[in-house]
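**Q** Provided below for reference: sequence and predicted model.
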Amino acid sequence: MNTVGIKDVALRAGVSMATVSNVLNRPDKVAPGTRERVEEAIDVLGYVPNMVAQQLTGSRSSGMVGLVLFDVRNPFLSDIARGAEDLLHTAGQPVMLCNTDVLPEKEERYLKLLAQQNAAGALVTPADLSKGWLDGLRARGLRVVLLDNTDAHPEVCSVAVDDVAGADAAVTHLLARGHQRIAFVTGPMHMRQSRDRLAGSRRALERAGRPADALNVVETSAFTVDQGRRAGERLLTVSERASGVFCANDLLALGVMQTAFRAELRVPDDLAIVGYDDIHSAATAGVPLTSVHVGGYELGKAAAELLLDEDRPGHTHRRLVFPPRLIERRSS
């Protein structure tokens, strides 16, 4: 049986082999009419790209993009993934979803794999962002767009939400409702999301004339409902229980709410709760959850656009920061 090669596709479509390669690897660089002729030739001939050969020649495989996220079960991150995937699909670039569990060694394995596969790039929620980490990616030739609110690395594109402002709005809301004892429940403090949302919470307290250390901070090991339940149990055992709780994401908030219900507390009369991310289930919780809306779908789409833009002449690295907004519901 004769093997169909890229030369056969080029002859049938009446184009050069370089044009066929561009259709396979960088379809956005090819005029729509030409791309359609090449794709038709591929379908008629049954051509299957040789990925090993592509890697040996240094081309970017099939234009694959890695989505390297710290917890793919998190609905907010799922929204980011969907926004990115929808846009990349229209550009003809497949997506590889990678879950790191905030483990640097697991993240490292995925990024190494993407580099070995000559991926077009990666959208990453970094486990531990540093200059050395970025230098390592560049040494591998892997382009990235960070899903991280940092202004310390202008040499790379990034997309994020202003978490300091979002947390400020959440705690300001609780203060306006008359809450004097406020707790902040968050995931691992080494993550930027936790640090920024803590900073915003303290900023709101200071502006209200309250000492920043008046905030009762409860750190958990993950941004999950189970960890929220455990945090809720800790909050209910202290002698001076908080009357208002701001959680660094909605999953934690829903877990705290479940614990409150089990303790026969009324939400918000006995315990007001505010979350962050405004995931779909926030509005349908037992008591609809007040939350800071951040638009994960739009975030993922913008990150994918920045990655695709790196192939275009005159590209400059940009940092896009989306403004959050508080969505008030019955929980507070």
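**A** Perfect, thanks for sending it. The structure presented is a predicted model; accordingly, all values stated were derived computationally and were not measured.

**Q** quick one: low-confidence ranges for the stretch 101-250 of the chain?
**A** Of all residues in the stretch 101-250 of the chain, none has pLDDT under 70.

**Q** mind listing the strands for it?
**A** With DSSP state E, counting those that start in this stretch, the ranges of strands along the stretch 101-250 of the chain come out as 121-124, 144-146, 157-161, 182-186, 216-219, 244-247.

**Q** what are the pairing partners of the last one, and which direction each?
**A** Yep, that's strand 244-247 we're talking about. Under the criterion DSSP bridges, strand 244-247 sits next to strand 182-186 (parallel), strand 272-277 (parallel) in its sheet.

**Q** tell me the most buried of the strands of the stretch 101-250 of the chain?
**A** With neighbours taken as mean count of other C-beta atoms under 10 Å, the strands of the stretch 101-250 of the chain reach their highest mean count in strand 244-247, at a mean of 30. C-beta: built from backbone N, CA, C; applies to glycine.

**Q** which helices and strands does the helix or strand just after that one pack with?
**A** Downstream of strand 244-247, the first helix or strand assigned by DSSP states H and E is helix 250-262. Packing contacts for helix 250-262, counted by 3 or more C-beta pairs under 8 Å, 6 or more residues apart in numbering; DSSP states H and E, involve helix 75-90, strand 182-186, helix 225-237, strand 244-247, strand 272-277.

**Q** TSV please, covering these and showing distance to Gly14.
**A** Below are those laid out as TSV (distance: least, C-beta to C-beta, whole Å):
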stretch	distance to Gly14
helix 75-90	26
strand 182-186	60
helix 225-237	58
strand 244-247	60
strand 272-277	51
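
**Q** what's the closest of these to Arg12?
**A** helix 75-90 (25.8 Å; C-beta to C-beta).

**Q** Mind listing what's buried along the next helix or strand after the closest one?
**A** With elements assigned by DSSP H and E, the helix or strand that comes after helix 75-90 is strand 95-99. By neighbour count on 16 or more other C-beta atoms under 10 Å, the buried set for strand 95-99 is 95, 98-99.

**Q** helices and strands around strand 95-99, which ones?
**A** For strand 95-99, the helices and strands in contact under the criterion 3+ C-beta pairs under 8 Å, 6+ apart are strand 65-69, helix 75-90, helix 104-116.

**Q** Give me whichever of these is most buried.
**A** strand 65-69 (a mean of 25).
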